[in-house]
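# task: produce atomic coordinates for the following.
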Amino acid sequence: MNVSLTPELKNFVEKQVSSGHYQTASEVVRAALSCLQEDQFGSSAKTRRLADLEKRLLAAVTDVDAKKGVDGRVVFRRMRQRIKGVRAGA
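Below is the predicted model of the structure:
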């Protein structure tokens, strides 16, 4: 299969390869098509993650309504620790 790209897209693909993110132009195109496919058709994993998130958010709202919430300072401290952990792992 041959694909024609605009000069702008060709430059983008070449930059992706030269940056080291991808080894070939085919890898760039496959990654782009995978993103397009997921965007247009969704994925069951994405749907499950969103359903899980909704369930957790509803449970959190119920807890807050029942005065079982967590102090905001504690939440932000935990968030900062998580961010530091993610950055340290990068």
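# per-residue confidence for the spatially most central residue of the chain?
Centroid check for the chain by Cα atoms, centre = their mean gives Lys46 as the closest residue, at 10.0 Å. Per-residue pLDDT puts Lys46 at 77.
# that one is in what secondary structure piece?
According to DSSP states H and E, Lys46 maps onto helix 44-65.
# what sits against the residue nearest to the centre of the chain?
Glu38 (Cβ atoms under 8 Å, 6 or more residues apart in numbering). Just so you know, the C-beta spots here come from the backbone N, C-alpha and C atoms, and that holds for glycine as well.
# can you list the weak-confidence ranges in the protein?
Along the chain, the model assigns pLDDT under 70 to residues 90.
# how near is the residue nearest to the centre of the chain to Leu36?
Going from Lys46 to Leu36 by Cβ to Cβ, to the nearest Å gives 14 Å.
# now do Glu27
For Glu27, the distance to Leu36 - Cβ to Cβ - is 15 Å.
# domains for the protein, by residue range?
Domain ranges of the chain: 7-41, 49-89, per automatic domain parsing.
# for the chain, what spans make up the helices?
7-19, 25-41, 44-65, 72-89 (DSSP state H).
# can you redo those helices as TSV with distance to Met1?
Output for the helices of the chain, formatted as TSV (distance: least, Cβ to Cβ, whole Å):
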stretch	distance to Met1
helix 7-19	15
helix 25-41	10
helix 44-65	27
helix 72-89	39
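# if we can go back for a sec, so for Glu27 and Leu36, which sits in the more crowded spot?
With neighbours defined as other Cβ atoms under 10 Å, Glu27 and Leu36 compare such that Glu27 has more, 14 against 10.
# how near is Ala66 to Ala59?
From Ala66 to Ala59 the distance is 11 Å (Cβ to Cβ).
# then Val3?
Taken as Cβ to Cβ, the span from Val3 to Ala59 is 47 Å.
# now Val74
From Val74 across to Ala59, the span is 18 Å (Cβ to Cβ).
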